[in-house]
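In: Sharing a model prediction with you, sequence too.
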Amino acid sequence: MSITWDEETAVAAAKSVMNAVDNNVSAPEPEKLSSLFGESTARVKVDEKKIINCRADLNQLVPIKYQWAWQKYLDACANHWMPQEVNMSRDIELWKGNTMSEDERRVVKRNMGFFSTADSLVANNIVLAAYRHITNPECRQYMLRQAFEEAVHTHAYQYIIESLGLDEGEVFNMYHEVNSIHGKDAFEINLTREMLRPDFETESFKGAQTFLENLIGYYVIMEGIFFYSGFVMMLNFKRQNRLPGSGEQFEYILRDETMHMNFGIDVINQIKAENPDLWTKEVRERSTDLVREAVKLEVAYAKDTMPRGILGINAGMFEDYVQYVADRRLEKIGLTKIYGSENPFPWMSEVLDLRKEKNFFETRVTEYQVGGALSWD
Ligand SMILES: [Fe+2]
Ligand SMILES: [Fe+2]
């Protein structure tokens, strides 16, 4: 249940404080105000914390129960980056010169078309839906960070689009105008439709089960499957010494998205552990069917975006890749894999592994200060 603010009580308390100040008498004792901040006025005990339907005060971060959520928040903050710090001059030179084929340009434009609006859709899912129903402060702390990262990603796509001088109207409308992009987004919006409804609740069995399925649609399918063909295509340019700035932006985005997805998987598995009744045979079958459907849409997107091979990769390879990725996602939420395909792009895992070893700050224009650096003019 989400916390409700009793407006009359709040106004009365505020007036009482103001009167006390006016009359130069001391304000009411804190314990008289404490009932304003949630249903329970008791100090939070770690065992009372739950991912959904928690009754304890949600404004108290500590004691932390889900260390994995807090650690992801700390790791995400340590990975802070901004798009304008990446040097785009080589990309601009390549794009504006005569060195890129029409097929290469199509891959860039279509991926910008998908990603430029996709991250707004996922940000909406976080701030307008999922956040309301995740009743845990350490998870919410990470989700606030994630929401900001989605804004940074949309900024990054806009920055690439602007740097290359793409037609913004064309790119930002591709999700309305290009079938293979529209198909993915329409599917995703349908998967998370219920939790976006203002009257949606997770207290009933059906509500909680629907929420779990919506989270699978959002974190496993949208963030865990629908992003990955595009990541391969854009990172492949950098691997071939093409569009290194855009490739670097995508490396940072891939690192963020991997953490978003892993957070979502942890949340899903924790909800399952706390509410084992929800994880019925029907839910498991429905989720597997949705992943199967998503794979078809993602492969169609890859084929439409790359009708002919470029720079050592071709659409056929994406069938195996998307199936390989889908199998891994299924297994991570405790479902049986369905494809058994090999990964045709083993270098993708190297990109992720390398990131851990590389000193992130080495290639940066600006280094972030950790505290004490603000000056006020
Ligand atoms: Fe994102
Ligand atoms: Fe994300």
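Out: Here it is on my side, so go on. Ligands and ions are numbered 1, 2, ... in the order given.
In: So which residue is smack in the middle of this protein?
Out: Centroid-nearest residue in the chain: residue 260, 4.7 Å away (criterion: CA atoms, centre = their mean).
In: what's the pLDDT at it?
Out: Residue 260 carries a pLDDT value of 96.
In: Now the phi/psi pair for it, please.
Out: The phi and psi values for residue 260, taken as degrees, to the nearest 10, are phi -60, psi -50.
In: which residues sit in contact with it?
Out: Residues counted as contacts of residue 260 (CB atoms under 8 Å, 6 or more residues apart in numbering) are 146, 149, 219, 223. The C-beta positions use only the backbone N, C-alpha and C, and glycine is treated the same way.
In: what do you get if the cut-off is 7 Å, keeping everything else the same?
Out: Counting by CB atoms under 7 Å, 6 or more residues apart in numbering, residue 260 touches 146, 223.
In: quick one: pLDDT of residue 21?
Out: Residue 21 is assigned 52 on the pLDDT scale.
In: Write out the residues of the stretch 151-300 of the chain neighbouring ligand 2.
Out: Within reach of ligand 2 by CB under 5 Å from the ion, the stretch 151-300 of the chain has these residues: 223, 257, 260.
In: Which pLDDT value goes with residue 371?
Out: Value for residue 371, per-residue pLDDT: 41.
In: Which one of the residues in the protein is closest to ligand 1?
Out: Evaluated by CB to the ion, the chain has residue 153 as its residue closest to ligand 1, separated by 3.7 Å.
In: Mind telling me what element that residue is part of?
Out: Assessed by DSSP states H and E, residue 153 sits inside helix 137-164.
In: Need the mean per-residue confidence for that helix.
Out: On average, the pLDDT along helix 137-164 is 97.
In: helices and strands around it, which ones?
Out: For helix 137-164, the elements it packs on are helix 67-78, helix 89-96, helix 102-125, helix 244-274, judged by 3 or more CB pairs under 7 Å, 6 or more residues apart in numbering; DSSP states H and E.
In: what residues are up against residue 254?
Out: 231, 351-352 are the contacts of residue 254 under CB under 7 Å, 6+ apart.
In: re the thing from before, compute the inter-axis angle for the helix holding residue 153 and helix 89-96.
Out: In terms of direction (axes from the mean of the first three to the mean of the last three CA atoms, to 10 degrees), helix 137-164 departs from helix 89-96 by 50 degrees.
In: Off-centre distance for the helix or strand following helix 137-164?
Out: Using DSSP H and E, the helix or strand that directly follows helix 137-164 along the chain is helix 168-172. Offset of helix 168-172 from its chain centre (CA atoms, centre = their mean, to the nearest Å): 23 Å.
In: what does helix 168-172 contact?
Out: For helix 168-172, contacts defined as CB under 7 Å, 6+ apart pick out 109, 112-113, 116-117, 161.
In: before we move on, the earlier item: among the contacts of residue 254, show me the least confident.
Out: Within these, pLDDT is lowest for residue 352, at 72.
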